[in-house]
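**Q** Sharing a sequence plus its predicted fold:
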2 protein chains.
Amino acid sequence: MFNQYESYLFDLDGTVYNGEKPIDSAISFITKLNQKGIPYGFITNNSTKTPEQVADKLRKFGLHVEANQVVTSALATALYVKKNVKEARVFIIGEIGLETAFSSFNKDDMKPDAVIIGLDRHITYEKMSQAARLVREGALFIATNPDRILPSANGLVCGNGAIVAAISYAAQKEPITIGKPNKEIITLALEQLQFQKDKTILVGDNYETDIMTGIHAGMSTLHVKTGVTLDCSNFEKQPTFSISSLDRWQLEEV
Amino acid sequence: MFNQYESYLFDLDGTVYNGEKPIDSAISFITKLNQKGIPYGFITNNSTKTPEQVADKLRKFGLHVEANQVVTSALATALYVKKNVKEARVFIIGEIGLETAFSSFNKDDMKPDAVIIGLDRHITYEKMSQAARLVREGALFIATNPDRILPSANGLVCGNGAIVAAISYAAQKEPITIGKPNKEIITLALEQLQFQKDKTILVGDNYETDIMTGIHAGMSTLHVKTGVTLDCSNFEKQPTFSISSLDRWQLEEV
């Protein structure tokens, strides 16, 4: 297969690496993009890491990546709030990735414009209760991502979506969710990276998150069988392309 | 109004007291029941207290109450599990009320038959994750009650239903819920108290929890306007009776 996409947007886990293990076909493909001067970027639902931390991990795999090529759900959420709520005062639950993304915002624990929920592995009952109270009192309710579960050294653990579900149940309100499979993260990433949607292809392994995000955003998608979803054929909406690995993807000279 | 019910089942908060303040009409009514030898009992969705602790609070208001007249959602849940899973090994999230109710059960953190969730104000991310993992691996998923929020000295806080919602979202499974407004708590309470359903009336202030429980269980209900719901007239299914307070309820000689 060959193509003439002008820019590439990659999912990370299952697409570029599996946990701490790089996926060779992806590493050599992205290296080739870099050599040919074809722009690429990365999107991740992980809100706990900063773009710098993510870039650093990718550099350890031998890739050439700057922090501004990485759009985390935390960064996308900060961009979303900046665009939609003028001088927003925020109440945040989250880790370093989210705290960094919102470092320029005013914090307000009592009467925020928006309550932002990202994964916090040190979440407490009191923090969840406070978030629920503030949402009930009228603050915008925004979730970085809806992930149900995550792999960890101790087996599966709760994703951010679980924390959000608790607050949503207590507050009787559904959140605005930025991360995959919602198109918001794509819209904000394309803007941030200055990529054109119809000339960009989204590369991912997980049908329900990555490919659906591209479908929701109305852009081309490339499914790789190196992670979660090994077969897309039974899904109603098909990815634009589905290949075993990025070894199978030829780059036309652009 | 007068009646010939042979036994009375009372909700607590909003019906017998409001927080730390007794509701006089209820106290004098229950005192009269005691004098006339008419049996009465109490049901509560609170799973954090033991029946003894609840009885003790009621005795401080001058009532004659033994611990075995109190059915908490924790006790009802333990009775439910005892009936439905022979020699169940359990994994529990909860406070002293739930721990006491399950003190005779075998605990198993790795391969329990059932995962039991009651309100735990010291809940951690790791405990929620472990519960979700065990439910995903096939353990029965049981919630003491579905409360969204609770009043507290710091304003509204998350009820047990919020914790349950987080685990349910991560595990992609709905729990069996014992507490109000589900009829299970009534069925188990009537059995425990040896009351006959068609000769017992359920007294409560909250339409959506108390009165709906009685409606779900198919028993008589008496709504009192001393707590949450001040007017039932717009609801499709009506309580059997609705009165301003228990001062308005005459006891026929039995």
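**A** Perfect, I can see it now. Bear in mind that the values here come from a model prediction, so they are computed numbers and not experimental data.
**Q** Tell me which residue in the stretch 1-150 of chain A sits closest to chain B.
**A** A:S129 (3.9 Å; C-beta to the nearest C-beta). Backbone N, C-alpha and C define where each C-beta goes, glycine included.
**Q** got a list of what that residue touches?
**A** By C-beta atoms under 8 Å, 6 or more residues apart in numbering or on different chains, the contact set of A:S129 is A:A170, B:S152, B:N154, B:L156, B:V157, B:C158.
**Q** run the last query once more with 7 Å
**A** Neighbouring residues of A:S129 by C-beta atoms under 7 Å, 6 or more residues apart in numbering or on different chains: B:V157, B:C158.
**Q** Check A:Y8 too.
**A** With the criterion set at C-beta under 7 Å, 6+ apart, A:Y8 makes contact with A:L33, A:I38, A:Y40, A:T200, A:I201, A:V203.
**Q** For the fifth one, give me phi and psi.
**A** Note on A:I201: its backbone torsions stand at phi -120, psi 140 [degrees, to the nearest 10].
**Q** measure it to chain B for me?
**A** Going from A:I201 to chain B by C-beta to the nearest C-beta, to the nearest Å gives 30 Å.
**Q** Could you count how many residues lie near that residue?
**A** A:I201: 21 surrounding residues under other C-beta atoms under 10 Å in any protein chain shown.
**Q** and what of the one 10 residues further on?
**A** Using other C-beta under 10 Å, the number of residues around A:I211 comes to 28.
**Q** For it, give me its contacts.
**A** A:G204, A:T221, A:H223, A:C232, A:P239.
**Q** Closest to A:N46 out of these?
**A** Nearest to A:N46 among the contacts of A:I211: A:G204, at 14.0 Å, using C-beta to C-beta.
**Q** is it true that the closest one touches A:D11?
**A** Yes: using C-beta atoms under 7 Å, A:G204 makes contact with A:D11 at a distance of 3.6 Å.
**Q** more crowded one of these two?
**A** Ranked by neighbour count (other C-beta under 10 Å), A:G204 and A:D11 place A:G204 first, with 30 against 26.
**Q** Next one: that one from chain B, what distance?
**A** The value you get for A:G204 to chain B, if C-beta to the nearest C-beta is used, is 21 Å.
**Q** now that residue: how far from A:I186?
**A** A:G204 sits 11 Å away from A:I186, going by C-beta to C-beta, to the nearest Å.
**Q** which residues are in contact with both of A:G204 and A:D11?
**A** A:D210.
**Q** what stretches of the stretch 151-254 of chain A score poorly on pLDDT?
**A** In the predicted model, the stretch 151-254 of chain A carries pLDDT under 70 at residues A:252-254.
**Q** residues from the stretch 101-250 of chain A in reach of chain B?
**A** A:121-123, A:125, A:128-129, A:132-133, A:136, A:148-149, A:155-159, A:161-163, A:165-166, A:169-170, A:172 (C-beta under 7 Å from any C-beta of the partner chain).
**Q** Please list all residues in contact with A:V135.
**A** By C-beta under 7 Å, 6+ apart, the neighbours of A:V135 are A:V115, A:F141, A:I167, A:A171, A:K173.
**Q** Who wins on neighbours among these?
**A** A:I167 leads the contacts of A:V135 on contacts (other C-beta under 10 Å) with 30 neighbours.
**Q** pull the CA atoms of the helix or strand encompassing that one into CSV?
**A** Using DSSP states H and E, the element containing A:I167 is helix A:160-171. Extracted in CSV, the C-alpha atoms of helix A:160-171 (Å, rounded to 0.1, in the frame of the first residue of the first chain):
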residue,chain,number,x,y,z
ASN,A,160,-10.3,8.1,34.6
GLY,A,161,-13.7,7.2,33.3
ALA,A,162,-14.4,5.3,36.6
ILE,A,163,-13.6,8.4,38.7
VAL,A,164,-15.7,10.5,36.4
ALA,A,165,-18.6,8.0,36.7
ALA,A,166,-18.6,8.3,40.5
ILE,A,167,-18.8,12.1,40.3
SER,A,168,-21.3,12.0,37.5
TYR,A,169,-23.6,9.7,39.5
ALA,A,170,-23.3,11.9,42.7
ALA,A,171,-23.8,15.1,40.7
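**Q** where's it relative to the chain centroid, distance-wise?
**A** 19 Å (C-alpha atoms, centre = their mean, to the nearest Å).
**Q** same deal with stretch A:181-193?
**A** The answer for stretch A:181-193 is 9 Å, by C-alpha atoms, centre = their mean.
**Q** And the helices in chain A, which stretches?
**A** Along chain A, counting by DSSP state H, helices occupy A:24-36, A:51-60, A:73-84, A:96-101, A:125-136, A:160-171, A:184-193, A:212-217.
**Q** Which of those has the highest mean neighbour count?
**A** helix A:160-171 (a mean of 27; mean count of other C-beta atoms under 10 Å in any protein chain shown).
**Q** Settle this for me: A:L33 is touching A:I27, isn't it.
**A** No: counting by C-beta under 7 Å, A:L33 stays clear of A:I27, with 10.9 Å between them.
**Q** what do those two both touch?
**A** With C-beta under 7 Å, 6+ apart, A:L33 and A:I27 have no common neighbours.
**Q** quick one: contacts for the closest residue to A:G159 other than its chain neighbours?
**A** Nearest non-adjacent residue to A:G159, counting by C-beta to C-beta, 6 or more residues apart in numbering or on different chains: A:D147, 3.0 Å away. Residues in contact with A:D147 (C-beta under 7 Å, 6+ apart) are A:N45, A:G159, A:N160, A:G161.
**Q** tell me, how many neighbours does the nearest residue to A:I30 once chain neighbours are set aside end up with?
**A** Of all residues not flanking A:I30 in the chain, A:L63 sits nearest, at 5.5 Å (C-beta to C-beta, 6+ apart). Using other C-beta under 10 Å, A:L63 is surrounded by 20 other residues.
**Q** residue contacts, A:L63?
**A** The contact partners of A:L63, taken as C-beta under 7 Å, 6+ apart, are A:I27, A:I30, A:T31.
**Q** Look up how far A:N68 lies from the first one.
**A** Read that as A:I27. Taking C-beta to C-beta, one finds A:I27 at 20 Å from A:N68.
**Q** what does A:T209 give?
**A** Taking C-beta to C-beta, one finds A:T209 at 23 Å from A:N68.
**Q** So which of these two has more stuff around it?
**A** The neighbour comparison of A:T209 against A:N68 (other C-beta under 10 Å) goes to A:T209, with 21 against 13.
**Q** Distance check, the residue lying closest to that one once chain neighbours are set aside against A:S73.
**A** Closest residue in space to A:T209, ignoring its immediate chain neighbours: A:K180 at 4.4 Å, by C-beta to C-beta, 6+ apart. When C-beta to C-beta is the yardstick, A:K180 and A:S73 sit 8 Å from each other.
**Q** and what of A:S28?
**A** A:S28 is 27 Å from A:S73, by C-beta to C-beta.
**Q** And for A:Q194?
**A** 20 Å.
**Q** Then A:P22?
**A** On the measure of C-beta to C-beta, A:P22 and A:S73 end up 22 Å apart.
**Q** same check, this time on A:C232
**A** For A:C232, the distance to A:S73 - C-beta to C-beta - is 23 Å.
**Q** quick one: buried residues of stretch A:218-229?
**A** Within stretch A:218-229, the residues that count as buried by 16 or more other C-beta atoms under 10 Å in any protein chain shown are A:M219, A:S220, A:T221, A:L222, A:H223, A:V224, A:K225, A:T226, A:G227, A:V228, A:T229.
**Q** With stretch A:100-109 instead?
**A** So for stretch A:100-109, counting by 16+ other C-beta under 10 Å, buried means A:T100, A:A101, A:F102, A:F105.
**Q** can I get the residues you listed in JSON lines with distance to A:D56?
**A** Below are these laid out as JSON lines (distance: C-beta to C-beta, whole Å):
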{"residue": "A:T100", "distance to A:D56": "14"}
{"residue": "A:A101", "distance to A:D56": "16"}
{"residue": "A:F102", "distance to A:D56": "21"}
{"residue": "A:F105", "distance to A:D56": "24"}
